[in-house]
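J.: okay, sequence plus prediction incoming.
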Amino acid sequence: MQLQLENLVPIPLREKILQRTSEIWNQAVTFTPGNFVKIKAPSGTGKTTLVHYLYNIRNDYTGKVLVDGQPWDAYKKDQIASMRQQQLSVVFQDLRIFEQLTAVENIELKRVMLPQPYCSAEKVAEMAARLNVTHILNQSGKTLSYGERQRIAIIRALVQPFEWLIMDEPFSHLDDANAQMAADLIAEECRARKAGFILTDLDHDNRFAYDIQFNL
Ligand SMILES: Nc1ncnc2c1ncn2[C@@H]1O[C@H](COP(=O)(O)OP(=O)(O)OP(=O)(O)O)[C@@H](O)[C@H]1O
C-alpha cells in the first residue's frame, strides 16, 4: 500500500504552519512501502493530527492524503474498513483501551476480526510475555496503568495483518528497557510482514534502524 501526502495542511493550524518550514506539511511526500519512518516534532505541532489524517478519522485539511494513488474520499466505507483490517494498523496516543473489557479481551477483539485470525492465541501469550504484561491480561481495562495500556495497545495493533503500522508516541509511558523490548517486537513483526511503520515522537531516539526521519 502506497501512502503519499500532497500539500497537506491542517485547516486549524494553517497560519502557524505556513509561517515555518516543515518536511511534512505542505510538501509532496511519498512513504516507501516497508520503510521504518520516524516523524519528530515538539508538543502541539500536529503529530496526532497527522496520525488521524493518515488513518482517515479526521479530514479537516487542505491538500491530499493519497492511498495507492487515490485520495481517502475516493474510497467507500467498506473499502476503508477492509483496509483497516488487512493493510493499516494503528496505535493511538490516547490508546483507546475499552475499559469494560479485560486486557486480553481488548486484544481478542482485534485478533478474531478476520475469519482466519492472523495470529494464534499462543502468539498473543508469547507477545504478552515479551512485554511483561502476562500478569495483567485478565485485569479489567479500567484498572490498567498507562504503561500497561500502552503495551496492550501495541500487542492489539500487532495481531492483525498490515502493510503499514501507524504509531503516535507509542512509548510515552514506558521506561527505556520496556520501550526497547516493545520496539524490538514491533520491528520483528513488521519485518515478518515486510511492512513499514510511521512513528511520531517528540525526541531523537535510536530504538529502531529508521530508514528515514522527518521533522514535522
Ligand atoms: N480539531 C481541532 N480544531 C482546532 N485545533 C485543533 C484541533 N485538534 C488539534 N488542534 C490543535 O492543533 C495543535 C496540534 O495538535 P496535536 O494534538 O495534533 O499535536 P501533537 O503534536 O500531537 O501534540 P502532543 O505532542 O502534545 O501530543 C494543538 O495546538 C491543538 O490544540
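T.: Looks like it came in fine. Numbers count the residues shown, from 1 in each chain.
J.: who touches the helix or strand that contains A81?
T.: A81 is part of helix 77-86, with elements assigned from DSSP states H and E. Outside helix 77-86, the residues within contact range by CB atoms under 8 Å, 6 or more residues apart in numbering are M1, Y55, N56, V67, W72, Y75, V90, M113, L114, Q160, P161, F162. The C-beta positions use only the backbone N, C-alpha and C, and glycine is treated the same way.
J.: before we move on, what about stretch 19-33?
T.: The list of residues contacting stretch 19-33 from outside it, by CB under 8 Å, 6+ apart, reads 1-10, 13, 17-18, 37, 39, 46, 50, 63, 163-164, 196, 198, 211-212, 214-216.
J.: out of these, which touch the ligand?
T.: For the ligand, the contacts drawn from the contacts of stretch 19-33 by CB under 6 Å from any ligand atom are L13, G46.
J.: buried sites along the helix or strand of the chain with the lowest mean pLDDT?
T.: The weakest-scoring helix or strand in the chain, judged by mean pLDDT, DSSP states H and E, is helix 14-18 (a mean of 90). Buried positions in helix 14-18, judged by neighbour count with 16 or more other CB atoms under 10 Å: I17.
J.: any residues touching it, and which ones?
T.: Counting by CB under 8 Å, 6+ apart, V9, P10, W25, N26, G46, T62 sit against helix 14-18.
J.: so how far is that helix off the chain centroid?
T.: Taking the mean of its C-alpha atoms, helix 14-18 sits 25 Å from the chain's own mean (CA atoms, centre = their mean, to the nearest Å).
J.: may I ask which of the contacts of helix 14-18 has the most neighbours?
T.: W25 (25 neighbours; other CB atoms under 10 Å).
J.: so what does the helix with the most length in the chain touch, helix or strand wise?
T.: If you go by DSSP state H, the chain has its longest helix at helix 176-193. If you count contacts as 3 or more CB pairs under 8 Å, 6 or more residues apart in numbering; DSSP states H and E, helix 176-193 packs onto helix 121-130, helix 146-158, strand 164-168, strand 196-201.
J.: and the contacts of the first one?
T.: Residues lying outside helix 121-130 but in contact with it, judged by CB under 8 Å, 6+ apart, are V104, I107, E108, R111, T134, L137, I155, L158, V159, M181, L185.
J.: from H204, how far out is the closest residue to the fifth one other than its chain neighbours?
T.: So the one you mean is T134. What sits nearest to T134 in space, not counting adjacent residues and going by CB to CB, 6 or more residues apart in numbering, is A128, at 4.9 Å. Per CB to CB, to the nearest Å, A128 is found 30 Å from H204.
J.: those two: which is more packed in?
T.: Higher neighbour count among A128 and H204: A128, with 20 against 8, using other CB under 10 Å.
J.: quick one, grab the pLDDT at that one.
T.: With respect to pLDDT, A128 scores 98.
J.: then E108?
T.: The model's pLDDT for E108 equals 94.
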